[in-house]
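Novice: Could you look at this predicted model? Sequence included:
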Amino acid sequence: MGETIQTLPQEAMHESLFLSGSLALDLVNTEIIVRDKKRDMLSSTAALARWWDEACEQHPDDCHFVVLEKPINWNTNLLLEVKMLRTVLRTLYTCLIEQQSLDEDTFEYLNRILALGYPALHKTTAQSVKPVIRLRDPQQGAIILPIALSALHLFTTKDQQRLHVCKNERCILFFYDTTRSGTRQWCSLSCMHRSRSFHNYHKNNVATHA
Ligand SMILES: [Zn+2]
């Protein structure tokens, strides 16, 4: 795990990740804008492994709902599968927010991932069990299935009016608004501050040059 994500400071990585309130949205949010350039936080299998570790800390119920019988094999194929799912989810959430009609292929793709697992019972103590999902093949679906289940959950049990993209027009992060008032507009407070100072700067510039 010697690999590092080039030049991106550690704080910037943590500041923008895991703020969306949903595992599926957090995956979409691994593509961020830093200094006007799109940056992929999943630039390698090592970066994916690090992201997944943190995702499991942030969303333990989602991540551990799918029971793994073998350790995850962090290979390029898995990285490509995760990125493909990310692209599909970005399309899905963009369509939902912009109230466009949803594409049949998107659902077919998600359904194929959901079919990689099946519901089962998992014994927790001598007398209790909990419902889990088991993989049909120990290596297929390790990461993508829990994320697809999170997407399914967001899509079918949550209020889609509360799904948003950050109000900062130079930011591409999504979030699910869990505030009581339902008035959250920004992915993070620092993004709100950045957006406001950017606008103030330009407003002042226009004023001085007028
Ligand atoms: Zn933002």
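Specialist: Arrived safely, thanks for sending. Please read all numbers here as calculations on a predicted model, not as lab measurements. Numbers count the residues shown, from 1 in each chain.

Novice: Excluding chain neighbours, what is closest to Val88?
Specialist: Tyr109 (5.2 Å; C-beta to C-beta, 6 or more residues apart in numbering). (C-beta placed from N, C-alpha, C; glycine too.)

Novice: what's the neighbour count on Asn200?
Specialist: 10 (other C-beta atoms under 10 Å).

Novice: which SSE is the residue nearest to Val88 in?
Specialist: Assigning secondary structure by DSSP states H and E places Tyr109 in helix 104-114.

Novice: ranges for the helices of the chain?
Specialist: For the chain, helices defined by DSSP state H occupy the ranges 10-16, 23-28, 45-58, 60-65, 76-97, 104-114, 144-157, 189-209.

Novice: Compile those into a markdown table and extend it with columns for distance to Glu169 and mean pLDDT.
Specialist: Formatted as a markdown table, those follow (distance: least, C-beta to C-beta, whole Å; pLDDT from 0 to 100):
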| stretch | distance to Glu169 | mean pLDDT |
| --- | --- | --- |
| helix 10-16 | 16 | 53 |
| helix 23-28 | 18 | 96 |
| helix 45-58 | 26 | 95 |
| helix 60-65 | 30 | 94 |
| helix 76-97 | 14 | 96 |
| helix 104-114 | 25 | 95 |
| helix 144-157 | 24 | 94 |
| helix 189-209 | 8 | 79 |
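
Novice: Return the most buried member of these.
Specialist: helix 23-28 (a mean of 25; mean count of other C-beta atoms under 10 Å).

Novice: Touching that helix from outside, list them.
Specialist: Residues outside helix 23-28 that contact it (C-beta atoms under 8 Å, 6 or more residues apart in numbering) are 17-20, 55, 58-59, 62-63, 82, 85-86, 89-90, 93, 146-148, 150-151, 153-154, 163, 174-176.

Novice: next one: stretch 90-97
Specialist: Residues from elsewhere that reach stretch 90-97 (C-beta under 8 Å, 6+ apart): 25, 28, 31, 100-103, 106, 110, 151, 155, 160, 163-165, 174.

Novice: do stretch 111-124 as well
Specialist: Residues contacting stretch 111-124 (C-beta under 8 Å, 6+ apart): 66-67, 85, 129-137, 140-141, 144-145, 148-149, 152.

Novice: switch the cut-off to 7 Å
Specialist: 66-67, 85, 129-136, 140-141, 144-145, 148, 152 (C-beta atoms under 7 Å, 6 or more residues apart in numbering).

Novice: And those residues, which of them are buried?
Specialist: 66, 85, 132-135, 141, 144-145, 148 (16 or more other C-beta atoms under 10 Å).

Novice: picking up where we left off before, tell me which of the contacts of stretch 90-97 is nearest to the ion?
Specialist: Nearest to the ion among these is Val165, at 8.4 Å by C-beta to the ion.
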